[in-house]
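Visitor: just coords:
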C-alpha cells in the first residue's frame, strides 16, 4: 500500500561516490544520489527478490509482503519476524502482491491483502480483510474475510495494489488487464490476446481502478454506481483502460495512478472518475502494435496521460508519492516521486492543481535496486521497498537531519542500591530510530532504552550520562546526578486524568507537591512542551515554565500537537524526580473535497491533508483551486454558497465536511438552458474526457465542450447519425448547435472534423433523413450554396467509391466526387445521368471539372480523368466524347469546331474503328478513329454526306486520314484509298481514288 506514514531503521555506514549510505545488506550496485542525500536501509526479513509491498503501523512498525505468501513484521528499531504465511498461487508473476493497513488499526487491528490463489485448479484473485493477532506486537493473522474475488485469465497482472482512504470507509484496488504476455515486436491483430480489450469495458473487473467499501460493494458516489446492483463490477468501477496499474492517494486531494506499458511507454495519470485511459488500443500517446489494427480499436480516441516515460526492459513504473516533508531542499518539495523498477531509479515530477505538468520526470537517484513499492516516513522522507535485497531504503537529506533530544527518568531502590534508568522520554524530530548508550558514572556502561544498574557501596553520588544517537550518527547527551543509597524526591501531581481531552483555547490546571526523604518539602518546577510533528523544524517547542505548586496553561490553537507537562523537583543532593502528564487534544474530523477531483491548499502552502483529525477550536485555512483536475471551474462552497475559493473556519466538535462545487461548462449550460433540457432530456451518463474533448450523453443527444468551440449540442436524428459514424472520434466535435437550414424543413450541425475527414456537416431533411458530408466534398457543396444552392441537400452519406480511390456524396439529381488527384467536383442533371449510365467512375474516371458552361453559352460539360468529357445542350442531350476522338475535337476547337456530340463514342459496324457524330448549326459532322492508329480525323458537312452515301468506312475510300483542309478550289478530306473534294464555286462534290 502507498501510505503517508512510514519509518526505516539504520544499521552500518559506508561511503560511496562521495555520499553517505547506511545499508544492511549492501545493495548490488552503489547508489548515485544528489549531494547531501543518504540511504538508510531496514531489513524486512523477506527472501531476496520476494518483497512486493510495505505498510506501516501507527507505532512505526512495518508490515511487508513476499510474493510467496509471507507476511512479516519489523518493529521500530527491531528485527523482522514472520507473522503469517498465506496460501498463494505463484504462477508467472502472481502471488501475494499488496498489503494495506486500516487507518483505525490501533483499535480495529484490521489490514487488507491482495493475492492470487488456486482452488482445485481454478485460479482467482482475491482481496481479503484480516485481523492482526497480538495486543501490542503483531503475532499472526486471523479471521480472513474476502472483500472481493475475480477469476484469473493468465499468470500475469492481477490485483496489483491496494490503498485505504483516510476515512477507512473506502478501499482502492488496482487490477491489471490479466492478458497473456506477448512480445510487442511480433504482435499482430491476429496474435494479440483480446482479453486485454476488457480493460476498456466498465462492466469488467480487469484493467481497472476499483473503489469499494470494506464489504466489497461499490461506493455510492462511484461514476457507474447502480443502487440495484452495488456488487456489480460496473458499480465498483472508478477508472478503466489500464494495463498494470499502481495507485497513490495524494493527501491534498487527487489519485495518482502509474501504469506500466507494453511496447514503448509507461504512464503517470490523474484518476478522474469514470474516465478511460484506453489500453490496449493506446499506450501513452501512441497506438499499440497489433491492437491498433483491431476493429475494436478503430474509433477509440486516446485519453492522454498526465505524462509518459520511455519503457525500460523488465521495468515497472510505480509510486507517484507526494513529498509532504520539509527536510529536503526546496527544489524537491511539493513534488511526486516515481520509481522505475527495471531502471533502478527514483524520479520526481511536479504538476499543478489544474492537472498540468510543470516539471517532467527527472531522475533524482539511480542504482537504488529494484523498487517494488514507494512509501513515506513520518517526516516525509521517501522510502523505497527494494525487491532485490528485500530492504526498505529511506532517502534522507543529511544536512537537514536534526539531533535527537535526550532525556531519562531515574528510579532508585536504596535498599538494593539498584537504579532503573528509562530513556523513553527521549525523542527524535525526524522519527529516526534511536540508540541509547549509558555511562553509569562508576566506570560501567550499558545500552538500551530501559536499563538497571546496581552500584556498590563506594558510589555515594555519581553523574550518569545518557547519549542518544540517531540512524545517521548524530548524538545528543544529557546528565543527571544519582545517589544510589538515597532515594530522590517524590513528586505527586494532580491532573485532569488520562481520559481528558482538550480543545484549543481551553484552560488546564495542575497542582503538584514534592517531598524528599532527606530534605523534606521541595520546590516544584514546571515545563510544558508542545509537540508538533512533522510540520515545524523541531518536534518540541517550549510553551511555558513555572515554579509554583499550581500550574495552568491554555491549550494551543496549533493543529497536530500535544502538550507534555512535567512537574519536577531537585534534592539538595542534585537528584531530579519527575512526574509527567500528556495533554491530548480533543479531535474532530475535517474532510475537504470537491464535487470533482481537485487539489486543495490546506494550511497556506503547507500541503496539509484534506482528510484528517484536527484539534477542536483550532483554525483551519483552505483554498479551493480555481479549476478541478478535469478543468471544471470552481463555483462555490456547497455549505454556505460562498463564491470565494478561500475560507477560514474554527473547527467545531463533531465532523466538519466541506465540499467545493465545480461546474463544467457542459453542466453550466445545461443547468441554465431550459429549452435545451427539453430537447436533450436527462443525462444518461457521466461527462467523458477524450483527447481534450469533453462530452456528456443525454436521453436524446449529447453536449460537447472544447476551449475552441465552447458548449454545443447535437440531438435527434442528426445525433443518431453522428454516433453511428463514430461521433467525435470520426467527425470531430460539433461547432454549432442544431440549426435550421436555408430550405423550409432542413436542420443541420457543423462539425470541427476528425483526422481523416476535415470539417463536416450532418444535414437532415424529412424526405432524406440525416446525411453526413465532410472534407473537400463539403467545401465544394458550401461553395455551390449548400442545401439552397445548385445541388440541394445531400441524399446519401459520404461514401467510398467501389474502386477505393475516391469518395462521393449524392444530392437530389446531382453528385460531388473527389479523389486526391482530381479534387472535388460536382456533376448533375443529364450529364450525371449519362455518366451513371456509363458506369460512373469505372469507365470514365472521375470528374476533373464542375459542370460548366461552354463559351458559346449553349451547352454544359464535365471533363473526366480518363481523357473523357460529357457535353450537353437542350437540343442534343448529353453525350460522351473521349480518347483520341476527344483529343481531335479539342484540337479543332471543341464545339466551335464541329459542334456538340449527338452520339456517344461508338464502334463502327465492322468493329474496325470508332466515331462520334456532332451537330453544328444545320450541319452534322463526325470524327472517326481507325484501330491501329494514334489519331482521329473529322469529316465535315457536304464531304461527310458524300462519304456517308458511299457507305462510310466500308466504302472504297476507307477511314479518313486527314481532317478537312483548304485547297484552291474549296475543301478536301483524305481517306485511306482516295479523297473527297468540295468546289466552293460550283458546289460540286467529287470522290476519287488515288
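Guide: Arrived safely, thanks for sending. Fair warning: this is a prediction, and the values are worked out from it, not measured in the lab.
Visitor: going forward, measure contacts and count neighbours with C-alpha atoms only.
Guide: Fine.
Visitor: low-confidence ranges in this protein?
Guide: Within the chain, the ranges that satisfy pLDDT under 70 run 1-29, 313-314, 533-541.
Visitor: what's the domain layout of it?
Guide: 13-400, 409-585, 587-663 (automatic domain parsing).
Visitor: among those domains, which comes closest to residue 682?
Guide: domain 13-400 (15.8 Å; C-alpha to C-alpha).
Visitor: burial-wise, tell me which of the domains of the chain comes out on top.
Guide: Among those, the stretch with the highest mean neighbour count (mean count of other C-alpha atoms under 10 Å) is domain 13-400, at a mean of 21.
Visitor: how far does that one sit from the chain's center?
Guide: Distance of domain 13-400 from the chain centroid (C-alpha atoms, centre = their mean, to the nearest Å) equals 15 Å.
Visitor: sorry, back to before: which one of the domains of the chain lies closest to residue 683?
Guide: Closest among these, using C-alpha to C-alpha: domain 13-400, at 12.8 Å.
Visitor: the protein: helices as residue ranges?
Guide: Applying DSSP state H to the chain gives helices spanning 105-108, 233-236, 665-672, 674-680, 716-725, 728-731, 775-783, 829-837, 841-844, 883-891, 895-898, 941-950.
Visitor: what packs against the last one?
Guide: On a contact count with 3 or more C-alpha pairs under 8 Å, 6 or more residues apart in numbering; DSSP states H and E, helix 941-950 meets strand 923-930, strand 978-983, strand 989-993.
Visitor: can you list these in JSON lines and add mean neighbour count and distance to residue 657?
Guide: As requested, these are exported to JSON lines (neighbours: other C-alpha atoms under 10 Å; distance: least, C-alpha to C-alpha, whole Å):
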{"stretch": "strand 923-930", "mean neighbour count": "22", "distance to residue 657": "92"}
{"stretch": "strand 978-983", "mean neighbour count": "20", "distance to residue 657": "108"}
{"stretch": "strand 989-993", "mean neighbour count": "15", "distance to residue 657": "110"}
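Visitor: now those in TSV, with distance to residue 391?
Guide: Shown next, in TSV, are those (distance: least, C-alpha to C-alpha, whole Å):
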stretch	distance to residue 391
strand 923-930	92
strand 978-983	108
strand 989-993	112
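Visitor: relative to residue 54, which of those is closest?
Guide: strand 923-930 (89.9 Å).
Visitor: who's in contact with that closest one?
Guide: Strand 923-930 is contacted from outside by 884-885, 888-889, 898-899, 912-919, 935-941, 944, 959-960, using C-alpha atoms under 8 Å, 6 or more residues apart in numbering.
Visitor: picking up where we left off before, most packed of the helices of the chain?
Guide: helix 233-236 (a mean of 26).
Visitor: that one packs against which elements?
Guide: By 3+ C-alpha pairs under 8 Å, 6+ apart, helix 233-236 packs against strand 208-212.
Visitor: other residues contacting the strand it packs on?
Guide: Contacts for strand 208-212 (C-alpha under 8 Å, 6+ apart): 170-177, 199, 218-219, 222, 236-242, 245.
Visitor: now stretch 605-621
Guide: Against stretch 605-621 from outside (C-alpha under 8 Å, 6+ apart): 166-167, 251-253, 324, 334, 502-505, 535, 557-560, 585-593, 600-604, 646-653.
Visitor: let's see it at 7 Å
Guide: 166, 251-253, 324, 503-505, 557-560, 585-592, 601-604, 647-653 (C-alpha atoms under 7 Å, 6 or more residues apart in numbering).
Visitor: in JSON lines, list the domains of the chain along with distance to residue 735.
Guide: Below are the domains of the chain laid out as JSON lines (distance: least, C-alpha to C-alpha, whole Å):
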{"stretch": "domain 13-400", "distance to residue 735": "19"}
{"stretch": "domain 409-585", "distance to residue 735": "50"}
{"stretch": "domain 587-663", "distance to residue 735": "20"}
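Visitor: tell me the contacts of residue 733?
Guide: Taking C-alpha under 7 Å, 6+ apart, one finds 704, 751-752 in contact with residue 733.
Visitor: which one of these sits closest to residue 677?
Guide: Using C-alpha to C-alpha, the contacts of residue 733 come closest to residue 677 at residue 704, 14.2 Å.
Visitor: how close does the closest one sit to residue 277?
Guide: According to C-alpha to C-alpha, to the nearest Å, residue 704 stands 19 Å off from residue 277.
Visitor: likewise residue 850?
Guide: The value you get for residue 850 to residue 277, if C-alpha to C-alpha is used, is 46 Å.
Visitor: contact partners for residue 741?
Guide: 747-748.
Visitor: what do you get if the cut-off is 6 Å, keeping everything else the same?
Guide: Applying C-alpha atoms under 6 Å, 6 or more residues apart in numbering to residue 741 gives the contacts residue 747.
Visitor: distance of it from residue 808?
Guide: From residue 741 to residue 808 the distance is 22 Å (C-alpha to C-alpha).
Visitor: please apply the same query to residue 125.
Guide: In terms of C-alpha to C-alpha, residue 125 sits 53 Å off from residue 808.
Visitor: which of the contacts of stretch 605-621 fall in strands?
Guide: 585, 587-592, 601-602, 647-650 (DSSP state E).
Visitor: how about those in CSV, adding distance to residue 431?
Guide: Shown next, in CSV, are the ones in strands among the contacts of stretch 605-621 (distance: C-alpha to C-alpha, whole Å):
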residue, distance to residue 431
585, 21
587, 23
588, 25
589, 25
590, 25
591, 27
592, 28
601, 26
602, 24
647, 33
648, 31
649, 31
650, 30
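Visitor: closest one to residue 971 out of these, please.
Guide: So of those, ranked by how close each gets to residue 971 (C-alpha to C-alpha), first place is residue 601, at 99.3 Å.
Visitor: what's the nearest residue to that closest one if we skip its chain neighbours?
Guide: Residue nearest to residue 601 in three dimensions, not counting chain neighbours: residue 623, with 5.1 Å by C-alpha to C-alpha, 6 or more residues apart in numbering.
Visitor: who does the one you found form a beta bridge with?
Guide: Counting by DSSP bridges, residue 623 is bridged to residue 601, residue 646.
Visitor: can you pull the contacts of it?
Guide: 601, 645-646.
Visitor: go again using 7 Å as the cut-off
Guide: For residue 623, the contact set (C-alpha under 7 Å, 6+ apart) comprises 600-602, 645-647.
Visitor: as TSV, the residues you listed with distance to residue 716 would be great.
Guide: Below are the contacts of residue 623 laid out as TSV (distance: C-alpha to C-alpha, whole Å):
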residue	distance to residue 716
600	41
601	44
602	46
645	39
646	43
647	45
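Visitor: tell me which of those is nearest to residue 430?
Guide: Using C-alpha to C-alpha, the contacts of residue 623 come closest to residue 430 at residue 602, 22.5 Å.
Visitor: and that closest one, how far is that from residue 335?
Guide: 16 Å.
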